[in-house]
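Engineer: how does the following fold in three dimensions:
(chains A and B)
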Amino acid sequence: MKTFDFKGLASNKTFFEGRCSKLIIPAPDGQKEILANHENMVIAITEGMLQFQPENSEEWIQFVVGTGFVQVINNRVTLLVDTAERPEEIDIRRAEEAKQRAEEQLRQKQSIEEYHISKASLARAMSRLKATSKYR
Amino acid sequence: MANAREIQSRMKSIKDTMKITNAMFMISSSKLKRAKKSLEDTQPYFYTLQSAIGRILRHVPDISHAFFDQRSNLKLEEQTIGYIVVTADKGLAGAYNHNVIKMAEEHMRQYPNHRLFVIGELGRQYFSKHGYTIDTHFHYTAQNPSMHRARVIMEKVVDLYMKKELDQVHIIYTDMINPVQSEAAITQLLPLQKKHFAPNTLPINVRQEEIALYPDAKTVLDLIVPNYITGFIYGSLVDSYSCEQNARMMAMQTATDSAKAMLHDLSIQYNRIRQAAITQEITEVIAGAKAQKKKRKR
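Structural biologist: Residues are numbered from 1 along each chain as shown, chains lettered A, B, ... in the order given. I've put the predicted structure just below:
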């Protein structure tokens, strides 16, 4: 199978660097899969599950990611997201608490910027919880 | 000349202070290690982000987007400029805070319309004491910078920028040039300047590949630009925090060193006085004994 260079960067770590054969990203309108020799493109990423298959491996590696984008240029894929976590790293209780906190804040009257922040943290908490429930 | 007991009590107080400065040195050096680690972790993300935006702008040069709106309908003097100033929570860090504050004051003198967003307790105290109006709801500490805090700060300034309450946003922070040298720096966050990302140094005959933006340029930029600003704020928070610890470490090192030098001088002085006192006592005893002898002889 043809492969491509993949580099995954989160704001606090480089979580993958090497060759990959398949990459599935959560785009704003659903999932998208990137294969080798993809057209040059920049795609936005929303909170959700990221999956990829490294070279010579049938196993999918999964990461729960925050917002960001991926750029494909000359068969080199660079992915930039603000957070990336393995599903098994996620602390369910913390995610649950974060979700409740965000919901609580959304119920209260707040400014538009606070609303955006709470909305975003709710989305993050939901995607993390979804990932852990699938993982179990 | 001071007497021996005075010198001794002075030496004791210097020793006590030295214990404190030494402890603070240890604390800031261990904090520096952690801060440097997170700085190294975030650097690849940050630089790639910068070059990615540059690339997008290079390939799609005629993007018009709110984040690139230079607000040219207003004269430069009429624009409201927001300054995010990153200082420390505490002093005792050499010239670290002073440099940042000085730079901020210089810039604010040029533009009468400004709004201050100060990170760190020391800067807040300074600016409110010197009669600047600072945003009181903007209450963040400089300790242990986190992505979350950067995100909240970004939301705040982007919101004000979009509401046209701010026309420009600058961040003033301290940049670590190398482990022994750091410098206050200022960068414009909003509106983004294309020349920052895409210098016109590319040769003309280089083939520029087409890049498609999915779903469309606006959506992609809507996501990337706030991310970039968050990343930049986070980067400068981490950078400043490492510089703060570095400056404090060096200040405490010099304090400990000068305490040692003072102790050395004082101990020499103390020994001299002690010797002088002993000599004097001996002379007195001998003189007394001689006088007694003479009396007996008579």
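
Engineer: just checking, next helix/strand downstream of whatever helix or strand A:Val77 lives in?
Structural biologist: Following DSSP states H and E, one finds A:Val77 within strand A:76-81. Once strand A:76-81 ends, the next helix or strand along the chain (criterion: DSSP H and E) is strand A:84-85.

Engineer: residue ranges in chain A under the pLDDT threshold?
Structural biologist: Across chain A, the ranges flagged by pLDDT under 70 are A:109, A:134-136.

Engineer: got the phi/psi numbers for the most centrally placed residue in it?
Structural biologist: What sits nearest the mean C-alpha location of chain A, by C-alpha atoms, centre = their mean, is A:Val65, with 2.3 Å. When read as degrees, to the nearest 10, the backbone of A:Val65 gives phi -120, psi 160.

Engineer: residues in contact with it?
Structural biologist: Going by C-beta atoms under 8 Å, 6 or more residues apart in numbering or on different chains, A:Val65 touches A:Ala10, A:Pro26, A:Ile45, A:Glu47, A:Gly48, A:Met49, A:Leu50, A:Val81, A:Thr83, A:Ala84. (C-beta placed from N, C-alpha, C; glycine too.)

Engineer: what pLDDT does the residue lying closest to B:Leu74 once chain neighbours are set aside get?
Structural biologist: Take B:Leu74 and drop its neighbours on the chain: the residue closest to it by C-beta to C-beta, 6 or more residues apart in numbering or on different chains is B:Asp167, 6.2 Å away. With respect to pLDDT, B:Asp167 scores 89.

Engineer: am I right that B:Asp89 is in contact with B:Ala142?
Structural biologist: Yes: using C-beta atoms under 8 Å, B:Asp89 makes contact with B:Ala142 at a distance of 5.3 Å.

Engineer: more neighbours: the two, which one.
Structural biologist: Ranked by neighbour count (other C-beta atoms under 10 Å in any protein chain shown), B:Asp89 and B:Ala142 place B:Ala142 first, with 22 against 16.

Engineer: hang on, the more buried one in a strand?
Structural biologist: No: B:Ala142 is assigned coil when assessed by DSSP: H, G, I helix; E, B strand; the rest coil, not a strand.

Engineer: re the thing from before, note down every partner strand of the strand holding A:Val77 and its orientation.
Structural biologist: strand A:4-10 (parallel), strand A:68-73 (antiparallel) (DSSP bridges).

Engineer: and the longest helix along chain A, which residues are buried?
Structural biologist: Assignment by DSSP state H gives helix A:112-135 as the longest helix of chain A. Neighbour-count burial for helix A:112-135, with 16 or more other C-beta atoms under 10 Å in any protein chain shown as criterion, is recorded at A:113-114, A:116-118, A:120-132.

Engineer: out of those, who's near chain B?
Structural biologist: A:Glu113, A:His116, A:Ile117, A:Ala120 (C-beta under 8 Å from any C-beta of the partner chain).

Engineer: quickly check those for the two that are furthest apart.
Structural biologist: Spatially, the most separated pair among those is A:Glu113 and A:Ala120, at 10.8 Å (C-beta to C-beta).

Engineer: filter the contacts of A:Val65 down to the buried ones, PyMOL style.
Structural biologist: To isolate the buried members of the contacts of A:Val65 in PyMOL, using 16+ other C-beta under 10 Å:
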select buried, chain A and resi 10+26+45+47+48+49+50+81+83+84
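
Engineer: how far off centre is the strand holding A:Val77?
Structural biologist: 11 Å (C-alpha atoms, centre = their mean, to the nearest Å).

Engineer: just stretch A:50-63 next, same as before
Structural biologist: Counting by C-alpha atoms, centre = their mean, stretch A:50-63 comes out at 14 Å from the chain centroid.

Engineer: contact residues of the stretch 151-298 of chain B facing chain A?
Structural biologist: So far as C-beta under 8 Å from any C-beta goes, the stretch 151-298 of chain B lies against chain A at B:151-152, B:155-156, B:159, B:209-215, B:219-220, B:222-224, B:227, B:230-231, B:234.

Engineer: now, of the residues you listed, which are buried?
Structural biologist: The buried subset of these (16+ other C-beta under 10 Å) comprises B:151-152, B:155-156, B:159, B:211, B:213-214, B:219-220, B:222-224, B:227, B:230-231, B:234.

Engineer: in helices, which of the residues you listed fall?
Structural biologist: Those of those lying in helices (DSSP H): B:151-152, B:155-156, B:159, B:219-220, B:222-224, B:227, B:230-231, B:234.

Engineer: as CSV, the residues you listed with distance to B:Glu105 and pLDDT would be great.
Structural biologist: Conversion of these to CSV gives the following (distance: C-beta to C-beta, whole Å; pLDDT from 0 to 100):
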residue, distance to B:Glu105, pLDDT
B:Arg151, 28, 86
B:Val152, 26, 86
B:Glu155, 27, 87
B:Lys156, 23, 87
B:Asp159, 26, 88
B:Thr219, 40, 78
B:Val220, 39, 80
B:Asp222, 35, 80
B:Leu223, 36, 79
B:Ile224, 33, 81
B:Asn227, 31, 83
B:Thr230, 27, 87
B:Gly231, 27, 83
B:Tyr234, 25, 88
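
Engineer: for the stretch 151-298 of chain B, which segments count as helices?
Structural biologist: B:194-197, B:217-297 (DSSP state H, counting those that start in this stretch).

Engineer: how many degrees apart are the last one and helix A:112-135 in direction?
Structural biologist: Which is helix B:217-297. 100 degrees (axes from the mean of the first three to the mean of the last three C-alpha atoms, to 10 degrees).

Engineer: I'd say B:Ala251 and B:Gly91 touch.
Structural biologist: No: here B:Ala251 lies out of contact with B:Gly91, judged by C-beta under 8 Å, at a distance of 9.4 Å.
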